[in-house]
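Asks: A structural model of the following input is requested.
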Amino acid sequence: MESRIVRQVKVSAKGWVVIPAALRRRYGLTPGTIVNIEDAGGKIVISPKEEASYKRARGMLPAEPSLTAELLAERARDREREEARIRS
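Replies: Below you'll find the model as predicted:
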């Protein structure tokens, strides 16, 4: 069961609220973090913006062999074959 922590904070004249430090640490909210603010049936829900799936996947595959380097080498070989074909 998920624990429910209720904190009271004051809204400033500019509409700002301060997220308590314990919650910022718990959810990894650092300066510059983007959050979603949602109207959920009479409740305001603030949640960290989900990282794009391609960013979450970064680093999951082994670094070698470099598929980019292999693709570039293959393209260079293709280009050489085409140029040789054109010259003959």
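
Asks: Please count neighbours and contacts with C-alpha atoms only from this point.
Replies: Fine.

Asks: burial of residue 30, as a residue count?
Replies: For residue 30, the neighbour count with other C-alpha atoms under 10 Å is 10.

Asks: Need the pLDDT of it.
Replies: According to the prediction, residue 30 has pLDDT 91.

Asks: got it, and residue 14?
Replies: Residue 14 is given a pLDDT of 95.

Asks: ok, now how distant is it from residue 30?
Replies: Computed as C-alpha to C-alpha, to the nearest Å, the residue 14 to residue 30 distance reads 21 Å.

Asks: cool, and residue 24?
Replies: 7 Å.

Asks: Which residue ranges of the chain form strands?
Replies: In the chain, the segments counted as strands under DSSP state E are 35-39, 44-48.

Asks: so can I have a markdown table of the ones you listed showing distance to residue 83 and mean neighbour count?
Replies: Listed next are the strands of the chain as a markdown table, based on distance: least, C-alpha to C-alpha, whole Å; neighbours: other C-alpha atoms under 10 Å:
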| stretch | distance to residue 83 | mean neighbour count |
| --- | --- | --- |
| strand 35-39 | 53 | 11 |
| strand 44-48 | 53 | 12 |
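
Asks: how about those strands, which one is nearest residue 5?
Replies: Closest approach to residue 5 among the strands of the chain (C-alpha to C-alpha): strand 44-48, 13.0 Å.

Asks: Give me the below-cutoff pLDDT ranges for this structure.
Replies: Flagging of the chain using pLDDT under 70 yields the residue ranges 1-3, 51-57, 63.

Asks: what's the burial count for residue 34?
Replies: So residue 34, with other C-alpha under 10 Å, has 13 neighbours.

Asks: Quick check: closest non-adjacent residue to it.
Replies: residue 49 (5.8 Å; C-alpha to C-alpha, 6 or more residues apart in numbering).

Asks: so what's that neighbour up against?
Replies: Counting by C-alpha atoms under 8 Å, 6 or more residues apart in numbering, residue 49 makes contact with 34-36.
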